[in-house]
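Engineer: Provided below for reference: sequence and predicted model.
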Amino acid sequence: MSQITTQLDDSGEVDSNLPPDPSRRFWVASACAVGGVAGVATAVPFVSSFAPSEKARAAGAPVEVDVSNIAPGEMRTVEWRGKPVWIMHRTKAQLEGLVNEAHDKQLADPNSDRPGYTPEYAKNDFRSRTPELFVCVGICTHLGCSPSPAFATGPQPGLPSDWAGGFFCPCHGSYFDLAGRVFMNKPAPDNLEVPPYTFSADGTRIVIGIDEDNKG
C-alpha cells in the first residue's frame, strides 16, 4: 500500500515553508476526482430521462411521430430542437369550445395575426392543419416556462369561472386556450408557437420540423 508522508524540519516539526509533498497532492487530487465522478453519476439519471432520440440529437433534425394511437382527449410530448412539443387529439366538445365569438373576445390575438408564431396553414380557429390534432411548442411566450395542461372545465384557482380547458403557466399566471391562444391582459405577449410540421401520406404520422417553408 502507498504511504502518505509529511515533511518535517530539523526539529521534527512540520515545516510549512517546504513545498507540498507530491504524494499528498496525488491523494488530494484523487479524492476530488472521485467526488466529481460521484456528482456526475448522480446527475446522469435525471439528464438521461430527457435524452432526445438519435434524430433529435442532430441539429435541427426533423422528428417523426406516430399519431394514430393518440386517443381523443390525450396529449403526447416529444422533443424537437431541445424544446417540448405537444401533440393533442382534441375531442369534439373541445373543438366546439374554440369556435365561439364570446370566447374570441377574451383572447389577445384570436386570429393569430401577430408574426412569428403561427404558420399560414395554422391561421384558423383551431391553429392546426386538421381540427382534431393540435401541435405546438410547450413553452410560454413570456419568459420561457412550460405551461401545464388544464383540461378540466369550470372554475379553478387562477382561471376564469367559465374555463373551457387549455393550458396554464404557473410561473406568472398566463393561460391559453386549447388552440394555444393567450388570453388578454396576461404577461405572455403571444400565442404558443406552432412549429413547422406536415402529415404523412396516410395521415398516421407527422414530421415536426418540415413544412412548405422548411424543407428539413
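Structural biologist: All right, it came through fine.

Engineer: pLDDT below threshold where in this structure?
Structural biologist: Low-confidence segments of the chain (pLDDT under 70): 1-59, 216.

Engineer: please redo it, this time with the cut-off set to 50
Structural biologist: For the chain, applying pLDDT under 50 flags the ranges 1-16, 18-19, 22-52, 55-57.

Engineer: show me where it has its strands.
Structural biologist: Counting by DSSP state E, the chain has strands at residues 63-66, 75-80, 83-89, 133-137, 148-150, 166-168, 175-177, 197-199, 205-208.

Engineer: go through the ones you listed and name the closest to residue 104.
Structural biologist: Closest to residue 104 of these is strand 175-177 (C-beta to C-beta; 9.6 Å). No exception for glycine: its C-beta is placed from N, CA and C like everyone else's.

Engineer: show the end-to-end separation of stretch 101-117, please.
Structural biologist: In stretch 101-117, first residue to last residue: 22 Å (C-alpha to C-alpha, to the nearest Å).

Engineer: neighbouring contacts of it?
Structural biologist: 97, 118, 122-123, 127, 141, 160, 164, 177, 181-186, 189-194 (C-beta atoms under 8 Å, 6 or more residues apart in numbering).

Engineer: list buried residues within these.
Structural biologist: Among those, those scoring as buried are 97, 118, 122, 127, 141, 164, 177, 181-183, 186, 190-194 (criterion: 16 or more other C-beta atoms under 10 Å).

Engineer: next, work out how far apart the residue nearest the centre of the chain and residue 145 are.
Structural biologist: With distances taken as C-alpha atoms, centre = their mean, the residue of the chain nearest its centroid is residue 84 (3.2 Å). Counting by C-beta to C-beta, to the nearest Å, the gap from residue 84 to residue 145 is 11 Å.

Engineer: now do residue 212
Structural biologist: Residue 212 is 30 Å from residue 145, by C-beta to C-beta.

Engineer: next, count neighbours for residue 158.
Structural biologist: 12 (other C-beta atoms under 10 Å).

Engineer: thanks again, I'm all set now.
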